[in-house]
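Student: Below are the sequence and a predicted model for it; my questions follow.
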Amino acid sequence: MKARNNTASYEDIHASVIEGYASFGKESGMSVWLFTILNVAVAGLIGGVTNYLAIKMLFHPRRAWVVLGRRVPFTPGLIPKRKGEIAAALGDVVADYLVTPDAVRELFGKSEFRAALLGRLLDWLKREIGETDTLGDVLRRWAGQETAERWLAALPEETGRRAGQAFARLWDKGGWSQKRIRDLVPGWGPEEAARWAHLGAGWVLDAVKDRLVSAEGQAALRKLAADFLGRQEGFVGFLAGIFLDEDRLVARLMPVLTDLLENEEVRTQFGGWLERLLAALGDMTLEEALGKIARRDEPPERQAINWIENGLPWKEWAEKLGQWPAGRWLAEREEAWRGWVEAASGAMLDALMRHAPAMMEALGLREMVRAQVERFPVEQLERVILRVSGREFRAITWLGVLLGGMIGLIQSMIIRLWPGG
């Protein structure tokens, strides 16, 4: 009996609460429609605020809240709290599924990608190197005036020093000191040496003839003739002084000398001598060849290094290099360098395709992505996400308002349809 009374009491209380809530509108004089609208508005507000707070809790608070020594639940927000885990997960996704060696090889192997890369390289060259630009102008524009001038000023000495160091390495570690000349010169052989000798003989004899017939050559011959006549003594000297002078002697000698220099037999004999000389030179080691022309007070390799570093006109070559008309050269030979750029870009992409796994491993893409995400400020990440998904987040908020309003409407209908409502 007591249990029945308790049950009845509970049912009576529940019914009275429902009846009291349902009759609130009647007791307060509120109409059915006003009560329904108020109920829908309150439920919609609660739904919208709840969704808005849920979105905000993705990023806020930035740090944990501590009250009485205990961390407040749900602080910090989801993304600040799990930033390290998110970074590691993104690194795994990028390295394992997105930017893989197979994906890189597939991308680099596409003809569309290669054509686009070639087009960009060609456009960049045309844009960066004008038709009137020298190589120095290009360097100054890319590196800056001060840096370019410093590089150009240091180029001769630095180039000479590095060339000397390269020769020293080849001499010591490359074994050049014991290599024969014929092994160091590409294409050296008996037939080539003979051809070079006869070509050299013709060039040397022609150069001598041109020198003799020039004004400087005539002056040198007259000086030699005067010295020769001046050294003659006795009766021969007396006759030479009467019947000859340097001008007459040079006039008599010039036809004989020019005919001698143009004589084929002389050229053949001179070419044979050069051929024997080249054959002997080819059998020499580099150390022996340098020893023939080096001074005795210093090792030949040290003299060769000094000559490479200081004897070659590095400064003159550097000035010519800086004044080289790169723009005009590119404009005049566009077809040639287009082919070179295409070949170079293709070879580079082929090499990257072959070594894609090693390249990806060397890049450390997984760790790179993880480190970048961990360094990325949460505030900036929030701005980026809101800029991309702000419309969707607002839609979610208004969806909460809509669902809350629908729940409020349904609740109002249930209350009104409840017995006694």
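Tutor: Thanks, I have it.

Student: Now do the phi/psi pair for Val66.
Tutor: The phi and psi values for Val66, taken as degrees, to the nearest 10, are phi -120, psi 120.

Student: before we move on, what about Leu365?
Tutor: The phi and psi values for Leu365, taken as degrees, to the nearest 10, are phi -60, psi -40.

Student: pLDDT value on it, please?
Tutor: Here the pLDDT value assigned to Leu365 is 81.

Student: do the one 5 residues further on as well
Tutor: At Arg370 the predicted local confidence, pLDDT, stands at 83.

Student: separation between it and Ala89?
Tutor: Between Arg370 and Ala89 the computed distance is 9 Å (C-beta to C-beta, to the nearest Å). All C-beta atoms are positioned from the backbone trio N, CA, C, and that covers glycine.

Student: Going by how many neighbours each has, rank those two and give me the top one.
Tutor: Arg370 (21 against 14; other C-beta atoms under 10 Å).

Student: Can you tell me how far that one is from Glu382?
Tutor: According to C-beta to C-beta, Arg370 and Glu382 sit 20 Å apart.

Student: tell me the phi and psi of Trp337?
Tutor: With angles defined as degrees, to the nearest 10, Trp337 sits at phi -70, psi -20.

Student: got the contact list for it?
Tutor: Contact analysis of Trp337 by C-beta atoms under 8 Å, 6 or more residues apart in numbering lists Leu125, Leu330.

Student: now it: how far from Ala331?
Tutor: The span separating Trp337 from Ala331 equals 10 Å under the rule C-beta to C-beta.

Student: again with Ala168
Tutor: 41 Å.

Student: Just the buried residues of the host helix or strand of Glu335, please?
Tutor: If you go by DSSP states H and E, Glu335 is part of helix 334-354. Residues Trp337, Val341, Glu342, Ser345, Leu349, Met353 are the ones in helix 334-354 that count as buried (16 or more other C-beta atoms under 10 Å).

Student: The residue nearest to Glu301 when sequence neighbours are not counted in helix, strand or coil?
Tutor: Distances taken as C-beta to C-beta, 6 or more residues apart in numbering put Trp171 closest to Glu301, at 5.1 Å, once the chain neighbours are dropped. Of the three states, Trp171 takes helix under DSSP: H, G, I helix; E, B strand; the rest coil.

Student: Give me the contacts around stretch 296-303.
Tutor: Residues beyond stretch 296-303 that count as contacts (C-beta under 8 Å, 6+ apart) turn out to be Phe167, Ala168, Trp171, Ser177, Glu287, Leu290, Gly291, Ala294, Arg295.

Student: So the last one: helix, strand or coil?
Tutor: When you say that, I think you mean Arg295. Assigned by three-state DSSP, the conformation of Arg295 is coil.

Student: tell me the contacts of it?
Tutor: Shown in contact with Arg295 (C-beta under 8 Å, 6+ apart): Gln303.

Student: per-residue confidence for it?
Tutor: According to the model, Arg295 carries a pLDDT of 71.

Student: again, but for the one 3 residues further on
Tutor: Residue-level confidence at Glu298 comes out at 77, pLDDT.

Student: pLDDT wise, what is the spatially most central residue of the chain at?
Tutor: In the chain, the residue lying closest to the centroid (C-alpha atoms, centre = their mean) is Met348, at 11.5 Å. At Met348 the predicted local distance difference test score is 89.

Student: Check the gap between it and Phe108 for me.
Tutor: 9 Å.

Student: do the same with Gly339
Tutor: Distance of Gly339 to Phe108, given as C-beta to C-beta: 20 Å.

Student: Do you have the helices of the stretch 301-421 of the chain handy? List them.
Tutor: All helices of the stretch 301-421 of the chain, identified by DSSP state H, counting those that start in this stretch, fall at 314-322, 326-332, 334-354, 356-363, 365-375, 378-417.

Student: Can you add distance to Gln145 and give the ones you listed back as CSV?
Tutor: Below are the helices of the stretch 301-421 of the chain laid out as CSV (distance: least, C-beta to C-beta, whole Å):
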stretch, distance to Gln145
helix 314-322, 13
helix 326-332, 17
helix 334-354, 27
helix 356-363, 35
helix 365-375, 35
helix 378-417, 36
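
Student: For Glu131, which of those helices is the nearest?
Tutor: The closest approach between Glu131 and any of the helices of the stretch 301-421 of the chain, judged by C-beta to C-beta, belongs to helix 326-332 at 4.5 Å.

Student: Which parts of that closest one count as buried, going by neighbours?
Tutor: Of the residues in helix 326-332, those with enough neighbours to count as buried (16+ other C-beta under 10 Å) are Ala326, Gly327, Trp329, Leu330.

Student: name the helices or strands packed onto that helix?
Tutor: Using 3 or more C-beta pairs under 8 Å, 6 or more residues apart in numbering; DSSP states H and E as the contact criterion, the neighbours of helix 326-332 among helices and strands are helix 135-143.

Student: Touching the helix it packs on from outside, list them.
Tutor: Taking C-beta under 8 Å, 6+ apart as the criterion, the residues outside helix 135-143 that touch it are 128-130, 133, 148-149, 151-152, 321-324, 326-327.

Student: Turn the buried ones among the residues you listed into a named PyMOL selection, would you?
Tutor: In PyMOL, selecting the buried portion of the contacts of helix 135-143, with burial taken from 16+ other C-beta under 10 Å, looks like this:
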select buried, resi 129+130+133+148+151+152+321+322+326+327
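
Student: Tell me the helix or strand right after the lowest-mean-pLDDT helix or strand in the chain.
Tutor: When each helix and strand of the chain is scored by mean pLDDT, DSSP states H and E, helix 234-243 comes last, with a mean of 43. Along the chain past helix 234-243, the next helix or strand (assigned with DSSP H and E) turns out to be helix 246-262.

Student: packing partners for the helix or strand following that following helix?
Tutor: Going down the chain from helix 246-262, the next helix or strand is helix 264-283, by DSSP H and E. Packed against helix 264-283, as judged by 3+ C-beta pairs under 8 Å, 6+ apart, are the following elements: helix 181-184, helix 190-213.
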